[in-house]
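[1] heads up, no residue letters with this:
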C-alpha cells in the first residue's frame, strides 16, 4: 500500500494490493441531484459516506498484523470484529443518528451516522484463532499474530579431494 496519498480523490487503496477488498464504483457521483434541497441532502449523504467508508490502517510487524481504525464516539459494544472463512477479518459497526426533537433548530449537522463494514483477506501466516481486539479513546486496535517463519535448514557439505 502506498504511503503517498492518491491524486484521484485521496483514496489510499491500491488496486495492486492482493489483500485489499475495496471496490471501485464506476457510477460513484454519476447521478448528482441538481436542486438546492437535493444538494443539502447530498451534503448529509457525503457525511454518512465518510463514516461508512471508515479508514483502517494495516501494518505488518515481524510478530503480527496490526489494524487500527478511528471510531470516535462509538462504544466497544457497537463494534464487531469477526473472522470468516479462516482468513477474512471483518470489522463492522453502526453509529445511530441523534434523536431529533420537534423544537430543535439545527444549524449544522456534520457528524456522520450509519453502518460500516471493512473486510481484509489475511495471508496464510495469520493465526486467526488468536485474534485480539482492544478499543481505547475511540481507536480500535486489532492484532492478528503471525506464525513464525520457518528458516531453511542449511547443511554444510564437506568437499573431498
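    Thanks, I have the structure now. Nothing here was measured: the structure is a model prediction, and the numbers come from that model.

[2] so who does the residue nearest to residue 58 when sequence neighbours are not counted touch?
    Closest residue to residue 58 apart from its sequence neighbours, by C-beta to C-beta, 6 or more residues apart in numbering: residue 67 at 5.2 Å. In this view, the C-beta of every residue, glycine as well, is placed from N, C-alpha and C. Residues in contact with residue 67, defined by C-beta atoms under 8 Å, 6 or more residues apart in numbering, are 56-58, 89, 91, 120, 140-144.

[3] Just the mean pLDDT for the helix or strand hosting residue 67, thanks.
    With elements taken from DSSP states H and E, the one containing residue 67 is strand 64-70. Per-residue pLDDT over strand 64-70 has a mean of 95.

[4] Could you tell me which residues make contact with the nearest residue to residue 92 once chain neighbours are set aside?
    Closest residue in space to residue 92, ignoring its immediate chain neighbours: residue 117 at 4.2 Å, by C-beta to C-beta, 6+ apart. Counting by C-beta under 8 Å, 6+ apart, residue 117 touches 90-92.

[5] can you list the weak-confidence ranges in this structure?
    1-53 (pLDDT under 70).

[6] List the contacts of stretch 139-152.
    Residues contacting stretch 139-152 (C-beta under 8 Å, 6+ apart): 60, 62-71, 79, 81, 89, 91, 122, 125-128, 130-135.

[7] can you give me the strands in this protein?
    56-60, 64-70, 79-84, 88-95, 114-121, 132-136, 139-145 (DSSP state E).

[8] TSV please, covering these and showing distance to residue 102.
    Below are the strands of the chain laid out as TSV (distance: least, C-beta to C-beta, whole Å):
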stretch	distance to residue 102
strand 56-60	38
strand 64-70	33
strand 79-84	32
strand 88-95	23
strand 114-121	23
strand 132-136	35
strand 139-145	36
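
[9] Of all those, which one comes closest to residue 153?
    Closest to residue 153 of these is strand 139-145 (C-beta to C-beta; 24.1 Å).

[10] which parts of the closest one are buried?
    Under the neighbour-count criterion of 16 or more other C-beta atoms under 10 Å, strand 139-145 has 140, 142-145 buried.

[11] thinking again about what came up before, for the contacts of residue 67, which one is nearest residue 99?
    Among these, and counting by C-beta to C-beta, the member closest to residue 99 is residue 140, at 25.3 Å.
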